[in-house]
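Undergrad: Would you be able to build a 3D model of this:
(2 chains)
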Amino acid sequence: MSEDSFTIGGRILTSRLFTGTGKYGDDGVIPAVCEASGSEVITVALRRVDLESTTGNVMDCIPEHMQLLPNTSGARNADEAVRIARLARAMGCGDWIKIEVISDNRYLLPDGYETVRATEILAKEGFTVLPYVNADLYVAKALVDAGAAAVMPLGAPIGTNRGLKTREMVRILIEEIDLPIVVDAGIGRPSEACEAMEMGADAVLVNTAIATAGDPVSMARAFGRAVKAGREAYLAGPGAKHVLADASSPLTGFLGGAA
Amino acid sequence: MSFYPHIATYAEALPDARFDDFTEQDVLRSLNRTTATVEDFMALMSPAASGLLEEMARKANRLTIQHFGRTVCLFTPLYLANICTNHCVYCGFNCTNKIHRSMLSLEEVDVEGAAIAATGLKNLLVLTGDAPAKTGVDYLEACTKVLNKHFPSVSIEVFALTEEEYARLVKAGVDGMTMFQETYDEELYAVLHPKGPKRDYRFRLDAPERACMAGMRVVNIGALLGLGDWRRDALLTGLHAAYLMHKYPETDIAVSLPRMRPHVGDWEPQTIVSDRDMVQFLMALRLFMPRVGITVSTRENAEFRENILPLGVTRMSAGVSTAVGGHSDETCGEENTGQFDISDARSVDEVCAALRGKGYQPVFKDWESIFETAPQGVEEGL
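TA: Sure, this is the predicted structure:
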């Protein structure tokens, strides 16, 4: 394995950890988080970006080499998501867009139908669309048809740090969907990111778990290492799991090699 | 389609002594639950919980950081007018009070807006007294259009409006509303509001719901703590917020925790809500509703505001003047025209420095009205 890279929207990525910009006590820590994590993709809520600001701006804290992934956080339907995406591009944030369409402020669960609708519109307009969705096979298939560049299923609801609660559904997406699968939301610990990567996810996006850690830079480093470890384990091909122990002296050995 | 019948149900189920029935064991059980029930919310606000404030604080802090991070959204109020037709016994704007009455012209609104915007603030809350004939929806609509030049987010804290009126203001660029029920005790409410349009308890109670139905993005409610029994008012505030959040998942529901403050007039609150009481309510609310926005105003002093910051606060006012024209005209005497006396007179820069000193990031901008879906009939396009 020379370099284990993968491609989204024509950009070759060597790091499989995407990071975020929300919830930090001080945005000034973001460059150190990016460096420690090794991440190359960073998401930013456009609703918080203020290019006219004279009092500091999160965009100033994002290292230049990072692939900017503006998100449509705050959008309650496809139309609002499309509007935010177009504004992001007009503001010079590039063509990548993470679709977040959430109309349920209690649980913050993504609206699959509206997400597909926004994806279809924006993909046609040349955006590299990374939609955040429930781990649902049919929604994922619709996103493929709609022109998504990746599918980003949640591991657990946003900000909960509950881990990979949707494990089985994510596994099915990894098997069935021919697009990069980026597990987004819910991952609270490096071990959980590692698990997602071991399963074969192409990448994970972690914001809350890093931003709200006691030491965000150390946690970012830990996530970076965990993602690499999980990826390496996946590529190495883990031994098969068995429900029953393999007997060292097979009980059917007396039957001989051929039936 | 109203929270009103729910209040009656709770009133029957919750006789005054009910809060005293909870034990420390009940509180500990509630603290250990992943999702707090109404019963848990009551237990956490009961006298029994007052001995477990530190345990509550740890969980409230953890939940707040988990859901909101170490960030606090800043806003400031802009008083457009202090003309009022109400007789609220506890309010400086009471129409019988001898204070200088004024309302800003659109040009003055622009000047005030520019003065506030120069401090870096991006979230504005505009307030008026209750005088629809002078500061009605037409005036609010015109002011909003002026202020949207300076602020991506403009909210209103004005008299109760109809759903159609809220919809008009949403269309004009208003994205949030605050409505204080003052007290949920209907009998006491009648005593405190002897005359004026605000006397209509139910019309005010249902105003936040009408705003939700009209598509308001953020709806902020609260009771003025100290007017009535604080535990009952706090409980019903939380239940009202939960009712709205359940019924209108698209609306961002938030709660303010204002305490009675000195004001022009001679009415004194009958209930003193202590710092411990206030903190208990704040934390119980956070444990009951981990994702609800919680606002603390400059009614509280700087030290207290900083101390309660980690316990659930997500929004704070800064650089506050409650006087009409007080942001651009320093000669405009707060003591003569303000709605209440503020306790934290720090500038925006000072509040920001204090927040940063505590490891928190002040957030100025969190939304743009231009992101909103265009109303029907409005041409799409950017």
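
Undergrad: Low-confidence stretches in chain B?
TA: In the predicted model, chain B carries pLDDT under 70 at residues B:14-17, B:262-266, B:330-341, B:374-382.

Undergrad: ok, which stretches of the chain are strands?
TA: As the question left the chain open, I've gone with chain A. A:6-8, A:11-13, A:17-20, A:41-45, A:67-71, A:96-99, A:128-133, A:152-153, A:182-184, A:203-206 (DSSP state E).

Undergrad: The intended chain is chain B.
TA: B:71-79, B:123-127, B:153-157, B:174-182, B:218-223, B:252-256, B:293-296, B:315-317, B:361-363.

Undergrad: For the stretch 51-200 of chain B, what lies in contact range of chain A?
TA: Residues of the stretch 51-200 of chain B found near chain A (C-beta under 8 Å from any C-beta of the partner chain) are B:Ile65, B:Gln66, B:His67, B:Phe68, B:Gly69, B:Arg70, B:Thr71, B:Gly120, B:Lys122, B:Pro152. C-betas here are computed from N, CA, C, even on glycine.

Undergrad: Going through those residues, which ones are buried?
TA: Taking 16 or more other C-beta atoms under 10 Å in any protein chain shown as the criterion, what is buried in those is B:Ile65, B:Gln66, B:His67, B:Phe68, B:Gly69, B:Arg70, B:Thr71, B:Gly120, B:Lys122, B:Pro152.

Undergrad: from those, which is closest to A:Glu80?
TA: Nearest to A:Glu80 out of these is B:Pro152 (C-beta to C-beta; 14.5 Å).

Undergrad: what's the closest non-adjacent residue to the closest one?
TA: Excluding its sequence neighbours, the residue lying closest to B:Pro152 (C-beta to C-beta, 6 or more residues apart in numbering or on different chains) is B:Glu368, at 4.5 Å.

Undergrad: was I right about the one you found contacting A:Arg47?
TA: Yes - B:Glu368 is in contact with A:Arg47 according to C-beta atoms under 8 Å; the separation is 6.4 Å.

Undergrad: So which bits of the stretch 201-350 of chain B are right by chain A?
TA: B:Met245, B:His246, B:Pro249, B:Glu250, B:Thr251, B:Asp252, B:Ile253, B:Arg291.

Undergrad: neighbours of the residue of the stretch 101-250 of chain A found nearest chain B, just the number please.
TA: Ranked by C-beta to the nearest C-beta, the top residue of the stretch 101-250 of chain A for proximity to chain B is A:Asp104, at 4.1 Å. Using other C-beta atoms under 10 Å in any protein chain shown, A:Asp104 has 14 neighbouring residues.

Undergrad: How about B:Gln270?
TA: 11.

Undergrad: ditto for the one 5 residues further on
TA: For B:Asp275, the tally of surrounding residues (other C-beta under 10 Å) stands at 13.

Undergrad: Now do the same contact list for it.
TA: Each residue near B:Asp275 by C-beta atoms under 8 Å, 6 or more residues apart in numbering or on different chains is listed here: B:Phe304.

Undergrad: Also A:Val227?
TA: Shown in contact with A:Val227 (C-beta under 8 Å, 6+ apart): A:Ser15, A:Arg16, A:Leu17, A:Pro190, A:Ala193, A:Cys194, A:Met197, A:Ala203, A:Val204.

Undergrad: Could you give the backbone dihedrals for the closest residue to chain B within chain A?
TA: Of all residues in chain A, the one sitting closest to chain B is A:Lys23 (2.2 Å; C-beta to the nearest C-beta). Here is the backbone geometry of A:Lys23 (degrees, to the nearest 10): phi 80, psi 0.

Undergrad: mind listing what it touches?
TA: A:Asn207, A:Thr208, A:Ala211, A:Thr212, B:Ile65, B:Phe68, B:Gly69, B:Arg70, B:Thr71.

Undergrad: quick one on the thing from earlier: distance to B:Pro77, pLDDT and neighbour count for the contacts of A:Val227 - can I get that in TSV?
TA: What follows is the contacts of A:Val227, written out as TSV (distance: C-beta to C-beta, whole Å; pLDDT from 0 to 100; neighbours: other C-beta atoms under 10 Å in any protein chain shown):
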residue	distance to B:Pro77	pLDDT	neighbour count
A:Ser15	45	95	20
A:Arg16	47	96	26
A:Leu17	42	97	27
A:Pro190	44	96	24
A:Ala193	43	96	32
A:Cys194	48	96	24
A:Met197	49	95	25
A:Ala203	44	97	26
A:Val204	42	97	31
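
Undergrad: Tell me the residues on the stretch 51-200 of chain A that lie near chain B, please.
TA: Going by C-beta under 8 Å from any C-beta, the residues of the stretch 51-200 of chain A near chain B are A:53-55, A:74-77, A:79-80, A:83-84, A:86-87, A:90, A:103-106, A:108, A:159-161.

Undergrad: Weed out the non-buried ones from the residues you listed.
TA: The neighbour count (16+ other C-beta under 10 Å) marks A:74-77, A:79-80, A:83-84, A:86-87, A:103, A:105-106, A:108, A:159-161 as buried among these.

Undergrad: Among those residues, name the ones in helices.
TA: A:Asp79, A:Glu80, A:Arg83, A:Ile84, A:Arg86, A:Leu87 (DSSP state H).

Undergrad: The closest residue to the third one other than its chain neighbours: neighbour count?
TA: If I follow you right, that is A:Arg83. Closest residue to A:Arg83 apart from its sequence neighbours, by C-beta to C-beta, 6+ apart: B:Phe371 at 5.6 Å. By the criterion of other C-beta under 10 Å, B:Phe371 has 21 neighbours.

Undergrad: so who does B:Phe371 touch?
TA: A:Leu46, A:Arg47, A:Gly74, A:Ala75, A:Glu80, A:Arg83, A:Ile84, A:Leu87.

Undergrad: what's the closest of these to B:Phe304?
TA: Relative to B:Phe304, the closest of the contacts of B:Phe371 is A:Arg47; by C-beta to C-beta it sits at 30.2 Å.

Undergrad: show me the contacts for the closest residue to that closest one other than its chain neighbours.
TA: Nearest residue to A:Arg47, sequence neighbours excluded (C-beta to C-beta, 6+ apart): A:Gly74, at 4.5 Å. Neighbouring residues of A:Gly74 by C-beta under 8 Å, 6+ apart: A:Ala45, A:Arg47, A:Glu80, A:Ile84, A:Glu100, B:Trp367, B:Phe371.

Undergrad: surely the second one meets B:Asp366?
TA: Yes - using C-beta under 8 Å as the test, A:Arg47 is close enough to B:Asp366 to be in contact (5.9 Å).

Undergrad: hmm, back to that, adding distance to B:Phe19, write the buried ones among the residues of the stretch 51-200 of chain B next to chain A out as a markdown table.
TA: Formatted as a markdown table, these follow (distance: C-beta to C-beta, whole Å):
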| residue | distance to B:Phe19 |
| --- | --- |
| B:Ile65 | 29 |
| B:Gln66 | 28 |
| B:His67 | 27 |
| B:Phe68 | 29 |
| B:Gly69 | 33 |
| B:Arg70 | 33 |
| B:Thr71 | 33 |
| B:Gly120 | 43 |
| B:Lys122 | 40 |
| B:Pro152 | 42 |
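
Undergrad: Pick the one among those closest to chain A.
TA: B:Gly69 (2.2 Å).

Undergrad: thought that closest one was touching A:Thr21?
TA: No - between B:Gly69 and A:Thr21 there is no contact under C-beta under 8 Å: 10.3 Å.

Undergrad: Right, I'll call it a day here.
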